[in-house]
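Q: Show me the folded form of this:
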Amino acid sequence: MSAFRAKLDSAEALLGCVITYPCSGMIERLRDDWDWFWIDGQHGELDYQDILELVRACDAAGRGSLVRVPSHEPGWISRALDTACSGIMVPQVENAVQAAEVVKAAKFPPTGNRSCGGRRPIDMWGREYADSANSETLLVVQLESPGALENAEEIASTEGVDCVLIGPNDVKLRLGYLMNEPRPAAEELAEIESLVRICRKHGKLTGVFGVEKEQLAHCLSLGINLIANGIDARFLSEGSRRLSEESRAIIKNHSS
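A: So this is what the prediction gives:
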């Protein structure tokens with residue numbers, strides 16, 4: 001099965017890039033820059049077939065694939081795992097009750113109640129893929145509200161949860177900030193530090209999204225395991241804008 005979990009356990013930190021568009025060529029083009037790809041089935045423009053092809057592209061590129069599912073619905077969780085991805089990410093987990101329900105959907109017995117029979121995992125590894133899936137397939141839960149952060153201890157202590165990741169944008173909105181309004185970096189770092197301490201106490205991995213380069217070294221010193229600080233949409237918009245502005249400036253100078 002996937003070697004991603006072993007790599008994650010042995011590495012200082014793994015850098016990830018979010019994929020929101022249904023383009024497997026994006027992964028082929030960017031694979032040398034990133035250790036893993038966050039396949040965004042929640043907010044990205046992706047259906048099931050798109051997610052499957054993106055997971056296949058990650059496999060071909062030798063990179064980890066974490067599929068963010070759109071909800072806690074067990075059918076979606078099972079379907080995403082049947083792509084044979086390296087793991088899944090479940091958004092907006094608020095408390096231990098929700099965490100336990102997610103575990104129930106994502107893990108095979110005796111830990112959970114996931115159904116065995118995924119076509120792609122069987123084709124790749126045989127029916128015995130279920131024997132090691134619980135330990136080798138990563139379950140990441142996202143904490144995306146102040147209330148969820150207050151419940152971090154009970155969520156992280158839930159058996160079957162492998163990693164906890166902060167969703168900073170939703171936390172910011174729920175604190176009353178506008179989306180483009182800066183939030184004090186010290187507040188965000190304090191939340192990350194607290195989460196790392198809690199997760200380390202319970203033997204769980206930690207992840208962050210959207211870390212700016214000024215915060216990256218501090219996150220590494222804390223022992224963050226998963227860092228997602230790239231996104232396809234940003235690369236497209238910034239690269240496009242830069243070339244357009246440069247070209248229009250040349251056109252303007254030429255015509256004046």
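Q: Quick one: the helices in the stretch 51-200 of the chain, in order.
A: 74-81, 96-106, 119-125, 129-136, 146-150, 152-156, 168-174, 185-201 (DSSP state H, counting those that start in this stretch).
Q: counting contacts, what elements does the fifth one pack onto?
A: Just to be clear, that refers to helix 146-150. Counting contacts by 3 or more C-beta pairs under 8 Å, 6 or more residues apart in numbering; DSSP states H and E, helix 146-150 is packed against helix 168-174, helix 185-201. Placement of C-beta: from N, CA and C, glycine included.
Q: got the contact list for it?
A: Residues from elsewhere that reach helix 146-150 (C-beta atoms under 8 Å, 6 or more residues apart in numbering): 92-95, 143, 155, 166, 171, 174-175, 191, 194-195.
Q: could you redo the last one with a cut-off of 6 Å?
A: 94, 143, 174, 191 (C-beta atoms under 6 Å, 6 or more residues apart in numbering).
Q: likewise stretch 67-77?
A: 39-42, 51, 80, 85, 88-90, 102, 105-106.
Q: mind redoing it with 8 Å?
A: 38-43, 51, 55, 80, 83, 85, 87-93, 98, 101-102, 104-106, 114, 142.
Q: Name only those of those that count as buried.
A: 38-42, 51, 55, 80, 83, 85, 87-93, 98, 101-102, 104-106, 114, 142 (16 or more other C-beta atoms under 10 Å).
Q: Please report phi then psi for residue 19.
A: phi -110, psi 120 (degrees, to the nearest 10).
Q: Any idea how many residues pack against it?
A: With neighbours defined by other C-beta atoms under 10 Å, the count for residue 19 comes to 28.
Q: And it, how close does it get to residue 26?
A: From residue 19 across to residue 26, the span is 6 Å (C-beta to C-beta, to the nearest Å).
Q: now for the helix ranked longest in the chain, which elements pack on it?
A: As assigned by DSSP state H, the longest helix anywhere in the chain is helix 232-255. For helix 232-255, the elements it packs on are strand 14-19, helix 24-30, judged by 3+ C-beta pairs under 8 Å, 6+ apart.
Q: now those as JSON lines including distance to residue 66?
A: Below are the helices and strands packed on helix 232-255 laid out as JSON lines (distance: least, C-beta to C-beta, whole Å):
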{"stretch": "strand 14-19", "distance to residue 66": "7"}
{"stretch": "helix 24-30", "distance to residue 66": "13"}
